[in-house]
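Novice: next one to model:
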Amino acid sequence: MKNRSLRLTLALTTMLVAAGSAMAQEKVVHVYNWSDYIDPVILEDFTKETGIKVVYDVYDGNEVLETKLLAGSSGYDVVAPTSPFLARQIKAGVYQKLDKSKLPNLKNMWPEITQRLAQYDPGNEYAVNYMWGTTGIGYNVAKVKAALGDVPVDSWDVLFKPENAEKLKACGINILDASDETFAIAMNYIGKNPDSKETADLEAGGEVYSKIRPNVKTFNSSPYINDLANGDICISIGWSGDILQAKTRAEEAKNGVEVNYVIPKEGTYIWMDSFAIPADAKNVDEAHAFINYMMKPEVAAKASDYVQYANGNLASQALMDPAVAKNPSVYPSPDTMKKLFTISPYGPKEQRVLNRVWTQIKTGS
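Specialist: The predicted structure follows:
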């Protein structure tokens, strides 16, 4: 009995040690990304291929991400900031340089997009582009037609002219809650430098929204997708892929809602969301493995097909659904590309002005 008990004890001990060792060796990567921004199958396939578990959290604003990164100890290994925020955060020292020897799939990236990203990340030392797109107008075709008649939906006039906004009030207007972009768009609309950081120019951009504020139903950067798809709003400033997702959801629901996306003729903002690794990331090898996996052409193609955004992976385009790859709302024509502008980071002083004016607009004060 004693020998049998001893053998049982040894067996149990061995099992516990093995289990403990397995738990200690479990590989994991903590990813913090935008909402509605990846095909869940991609995460499952990554784990199957690499054995690395993905803990995936989402946010719907750059400010949320920035607050966590600047506070330190965010707990994340991979994040996806938009370019002006990326540039500011690089200067703040919140990221570590990429080990490019662990990223062989960099060979698949699109030189033009990589070069544009270098404006924010000199030498492309800290980030790899995930998706890029434009900020334009998404609208319910029937409801906007009913409200505005023959007014063409090809200009920011459709929203920024108070007389048009007043007619659209009843069917619902949403403004993207992304002040850096929305102010740049407004300043460009009134003939000012969209990248201006002058207080007078920022306030002039804010005035565009103040004039239409009484007619705006919501300010958000995520719920508007479903609101547009369901017909709860009829028009929104929004991100290209979000609007196309709303279009797809409406079609799948067969609810009679037709959603379109347009890049206004005055031009608009081109943004880039890129993967970066926080300086205090605990799973650095796993973070590189995740980024490298996302740069596989077939994975990047699957990601773009799902979210309907353009990606920075040139090799992926031949593998994408032609309905996405050849859609000018996703990949704009060369002429439209010339009208797209970028913006640089706001300094602390300018950010305070921006925050003050934007808060006044949203609260209607």
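Novice: so how many other residues sit close to residue 38?
Specialist: Here the number of neighbours of residue 38 (other Cβ atoms under 10 Å) works out to 22. Where you see a C-beta, it was placed from the backbone N, CA and C, and this is true even at glycine.
Novice: could you report the distance from it to residue 333?
Specialist: 27 Å (Cβ to Cβ, to the nearest Å).
Novice: ok, now residue 145?
Specialist: 25 Å.
Novice: neighbour-wise, which of the two wins?
Specialist: More neighbours surround residue 145 than the other of residue 145 and residue 333, with 15 against 9 (other Cβ under 10 Å).
Novice: got the phi/psi numbers for that one?
Specialist: phi -60, psi -40 (degrees, to the nearest 10).
Novice: now do the one 4 residues further on
Specialist: Residue 149 has phi and psi values of phi 70, psi -120 when expressed as degrees, to the nearest 10.
Novice: show the pLDDT at it.
Specialist: Per-residue confidence (pLDDT) for residue 149: 97.
Novice: repeat for residue 334
Specialist: Taking residue 334 on its own, its pLDDT is 89.
Novice: what's the answer for residue 284, then?
Specialist: Looking at residue 284, the pLDDT reads 98.
Novice: which residue packs closest to it, ignoring adjacent ones?
Specialist: residue 277 (6.5 Å; Cβ to Cβ, 6 or more residues apart in numbering).
Novice: you'd agree the one you found is up against residue 288?
Specialist: Yes. At 7.5 Å, residue 277 and residue 288 qualify as touching, with contact defined as Cβ atoms under 8 Å.
Novice: what number of residues lie near residue 352?
Specialist: Considering only other Cβ under 10 Å, residue 352 is surrounded by 12 other residues.
Novice: on the three-state scheme, it is what?
Specialist: helix (DSSP: H, G, I helix; E, B strand; the rest coil).
Novice: distance of it from residue 89?
Specialist: Residue 352 is 18 Å from residue 89, by Cβ to Cβ.
Novice: same deal with residue 75?
Specialist: 16 Å.
Novice: and the two? Which one has more around it.
Specialist: residue 89 (25 against 13).
Novice: which SS class is that one?
Specialist: helix.
Novice: OK, contacts around it?
Specialist: Neighbour list for residue 89: 66, 69, 70, 81, 95, 276 [criterion: Cβ atoms under 8 Å, 6 or more residues apart in numbering].
Novice: one more time with 10 Å, if that's ok
Specialist: Counting by Cβ atoms under 10 Å, 6 or more residues apart in numbering, residue 89 makes contact with 62, 65-66, 69-70, 79, 81, 95, 120, 126-127, 276, 278-279, 345.
Novice: now do it, the pLDDT please.
Specialist: So residue 89 comes in at 96 (pLDDT).
Novice: can you check residue 36 too?
Specialist: Residue 36 carries a pLDDT value of 86.
Novice: same check on residue 211?
Specialist: pLDDT for residue 211: 98.
Novice: verify the contact between it and residue 189 for me.
Specialist: No. Assessed by Cβ atoms under 10 Å, residue 211 is found out of contact with residue 189, at 11.9 Å.
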